[in-house]
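> Take this sequence and fold it.
(one chain, ligands or ions: 1)
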Amino acid sequence: MSDLRARHHAVMPSWLSLYYDSPIELASGKGARVTDADGHTYLDFFCGIVTTMLGYDVAEVREAVERQLARGVVHTSTLYLIRGQVEVAERIARLSGIPDAKVFFTNSGTEANETALLLATHARGTDQVLAMRNSYHGRSYGTIGVTGNRGWKNSSLSPLNAHYLHGTDRDAPAFRGMSDAEYIDACVADLRDVLATATAPNVACLIAEPVQGVGGFAMAPDGLFAAYKEVLDEQGILFISDEVQTGWGRTGSSFWGIGNHGVTPDAMTFAKGLGNGFAVGGVVARGDLMDALPAKGVSTFGGNPIAMAAAGATIDYVLEHDLQANAARVGSVLIDGLRPLTDLSTVGAVRGKGLMLAVEMVDPGTGAPAPSLATAVMERARERGLLVGKGGLHDNALRMSPPLTLTAEDAREGRDILLDVVTAVHGEAA
Ligand code: PLP
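Reported below is the predicted structural model:
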């Protein structure tokens, strides 16, 4: 293991994120648990950055992929018809609620957002884009340009330069103490002000995550995006909902994260959980936007037959087992159990929706973000057999996004470990 770590550092970029002092090499998985190369088994509350959303080694997905492999894989590019693409696109178009929706498949969330930005900037004839503070949309030139989180914004040379809006910073001094309705009014006033003073007259789109993933599961109050959309519609500005982390029922209360806001976007992007670990993403958008690109397009690997077999089986599983309802049910076991942590002076917030939950660690004296405490909790949770993620503008939010199949029993086990380790870390810091 330590040998592999040394080899990793020799040939991989120094900026590549690697959790834990002594990094974990995953070797196998079953259900909500993974086993590392040293034989330690962990309850996985991060599921490969929200990818294995059904858990590990799901027979239905494995068998669908094996059936496709047995056909010799067949052609991988989009130059020929791929039955799986048409069938999965039909399902996603229907589930999206977007009128006359069409779907384009990619290999990742970054490519999905690139495509959505391409559609919007082409349709509107401008590269002016609105995005949210603290957002993350990918690591390509264009998506870095609309990312509003310093820790992840690796380049200032992107051709796109977004104008950033308030919306998930309710605790900022300017907004403290406001009700949801007052905060939404303030955010809408901010949007109007940005449009009146900061952008060129013609703006292509707003791109936003309904719950910010890398941003530490920071959330806009329900209804914010409907209020934004009224303003956007006045100027024909398009709205892209980045559902890369929030899609497929993860928030419990709606199938897409944006459903919590009572608004239908012009386009949605997705990836992560769709293939339950197999790389696949895409865009679902109004048909007129999708069809408007003048040049030919192809995606060699996007939506290839194996990815489509995994995606079709994954969507079927989510719907047949009503995993959105499970996310709501099991999510409340977790969040209700973790809420008492807010009594500790080292815990700034416990928040989330469904199975997308965060615990924010702060300095007990000043209340300032405390990334070192979050790291300490992660390390101790690992020792106790629980994997969680980390994020937020200051890297001080512990992120929990377990498989949507999580049982209440597993939720209670993870909750109890977290209660213990956060309390222990608090005891040493306070
Ligand atoms: N959008 C969001 C909201 C994400 O969380 C991510 C990845 O974490 C991306 C886009 C980029 O997706 P990918 O890593 O598949 O390129």
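> Quick check: the gap between the residue nearest to Ile315 when sequence neighbours are not counted and Gly312.
Nearest residue to Ile315, sequence neighbours excluded (Cβ to Cβ, 6 or more residues apart in numbering): Arg91, at 5.5 Å. The C-beta positions use only the backbone N, C-alpha and C, and glycine is treated the same way. Distance of Arg91 to Gly312, computed by Cβ to Cβ, to the nearest Å: 8 Å.
> And for Asp180?
Plainly put, Asp180 is 39 Å away from Gly312 if you go by Cβ to Cβ.
> Minimum distance to the ligand, which residue of the stretch 51-200 of the chain gives it?
Gly109 (2.4 Å; Cβ to the nearest ligand atom).
> residues in contact with that residue?
His137, Gly138, Asp242, Val244, Thr269, Phe270, Ala271, Lys272, Gly281 (Cβ atoms under 8 Å, 6 or more residues apart in numbering).
> let's see it at 6 Å
Gly138, Val244, Ala271, Gly281 (Cβ atoms under 6 Å, 6 or more residues apart in numbering).
> which SS class is the first one?
Remark: Gly138 carries the secondary structure label coil [criterion: DSSP: H, G, I helix; E, B strand; the rest coil].
> on that earlier part again, quick one, which of Asp180 and Gly312 is more surrounded?
Neighbours per residue (other Cβ atoms under 10 Å) separate Asp180 from Gly312, with Gly312 holding more: 22 against 13.
> count of neighbours near the spatially closest residue to that one that is not a sequence neighbour?
In this structure, Gly312 finds its nearest non-sequential neighbour in Val88, 5.1 Å apart by Cβ to Cβ, 6+ apart. By other Cβ under 10 Å, 27 other residues sit near Val88.
> Run through who's touching whatever helix or strand Val88 lives in.
Applying DSSP states H and E as the criterion places Val88 in helix 83-96. Identification of contacts with helix 83-96 by Cβ under 6 Å, 6+ apart yields Ala101, Val103, Val284, Gly303, Pro305, Met308, Ala309, Ala311, Gly312, Ile315.
> Can you name the residues of the stretch 1-150 of the chain sitting close to the ligand?
Ile49, Ser108, Gly109, Thr110, Asn113, Tyr136, His137, Gly138 (Cβ under 6 Å from any ligand atom).
> biggest separation within those, which pair?
By the measure Cβ to Cβ, Ile49 and Asn113 form the most distant pair in these, at 15.6 Å.
> Those two: which is more packed in?
Asn113 (28 against 18).
> Report the backbone C-alpha coordinates of whatever helix or strand the more buried one lives in in PDB.
Using DSSP H and E, Asn113 maps to helix 109-124. Only the C-alpha atoms of helix 109-124 are listed here, as PDB (Å, rounded to 0.1, in the frame of the first residue of the first chain):
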ATOM      1  CA  GLY A 109     -20.500  15.800 -15.700                       C
ATOM      2  CA  THR A 110     -17.900  18.200 -17.100                       C
ATOM      3  CA  GLU A 111     -18.700  17.300 -20.700                       C
ATOM      4  CA  ALA A 112     -22.400  17.500 -19.900                       C
ATOM      5  CA  ASN A 113     -22.100  21.000 -18.600                       C
ATOM      6  CA  GLU A 114     -19.800  22.000 -21.600                       C
ATOM      7  CA  THR A 115     -22.600  20.800 -23.900                       C
ATOM      8  CA  ALA A 116     -25.300  22.600 -22.000                       C
ATOM      9  CA  LEU A 117     -23.200  25.800 -22.100                       C
ATOM     10  CA  LEU A 118     -22.600  25.300 -25.800                       C
ATOM     11  CA  LEU A 119     -26.300  25.000 -26.400                       C
ATOM     12  CA  ALA A 120     -27.200  28.100 -24.400                       C
ATOM     13  CA  THR A 121     -24.400  30.400 -25.600                       C
ATOM     14  CA  HIS A 122     -25.200  29.400 -29.200                       C
ATOM     15  CA  ALA A 123     -28.900  29.900 -28.800                       C
ATOM     16  CA  ARG A 124     -28.400  33.300 -27.300                       C
END
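> if I look at the nearest residue to Tyr20 once chain neighbours are set aside, how far off is Asn161?
Leaving out its chain neighbours, the residue that sits closest to Tyr20 by Cβ to Cβ, 6+ apart is Arg382, at 6.2 Å. Applying Cβ to Cβ, the value for Arg382 to Asn161 is 39 Å.
> between the two, which one's more packed in?
Higher neighbour count among Arg382 and Asn161: Arg382, with 21 against 13, using other Cβ under 10 Å.
> Tell me the helices and strands packed up against the helix or strand hosting the more buried one.
Assigned by DSSP H and E, Arg382 falls within helix 371-383. Applying 3 or more Cβ pairs under 6 Å, 6 or more residues apart in numbering; DSSP states H and E, one finds that helix 371-383 makes contact with helix 408-429.
> Tell me the buried residues in the helix it packs on?
For helix 408-429, a neighbour-count test (16 or more other Cβ atoms under 10 Å) marks Asp410, Ala411, Glu413, Gly414, Arg415, Ile417, Leu418, Val421, Val422, Val425, His426, Ala429 as buried.
> okay, the closest residue to the third one other than its chain neighbours: pLDDT?
Of all residues beyond its chain neighbours, the one nearest Glu413 is Leu43 (6.2 Å), with distances taken as Cβ to Cβ, 6+ apart. Predicted confidence (pLDDT) for Leu43: 98.
> check contacts around Leu43.
Counting by Cβ under 6 Å, 6+ apart, Leu43 has contacts Ala32, Arg33, Leu386, Gly414.
> let's go with 8 Å and repeat that
Counting by Cβ under 8 Å, 6+ apart, Leu43 has contacts Ala32, Arg33, Gly385, Leu386, Leu387, Pro402, Asp410, Glu413, Gly414, Ile417.
> Can you show me the helices along the stretch 1-150 of the chain?
2-11, 47-50, 59-70, 83-96, 109-124, 141-145 (DSSP state H, counting those that start in this stretch).
> of all these, which lies closest to Asp233?
helix 109-124 (13.3 Å).
> Show me which residues of the closest one are buried.
109-117, 119-124.
> Can you tell me which of those residues is closest to Ala358?
Gly109 (19.4 Å).
> center of the chain - which residue?
By Cα atoms, centre = their mean, the mean C-alpha position of the chain lies nearest to Gln245, the distance being 2.1 Å.
> ok, and the closest non-adjacent residue to it?
In this structure, Gln245 finds its nearest non-sequential neighbour in Gly213, 3.6 Å apart by Cβ to Cβ, 6+ apart.
> The one you found and Arg124: what is the separation?
Taken as Cβ to Cβ, the span from Gly213 to Arg124 is 26 Å.
> Ok, Arg192 next?
19 Å.
> Val74 too?
The gap separating Val74 from Arg124 is 38 Å, by Cβ to Cβ.
> Retrieve the pLDDT associated with Ser2.
66.
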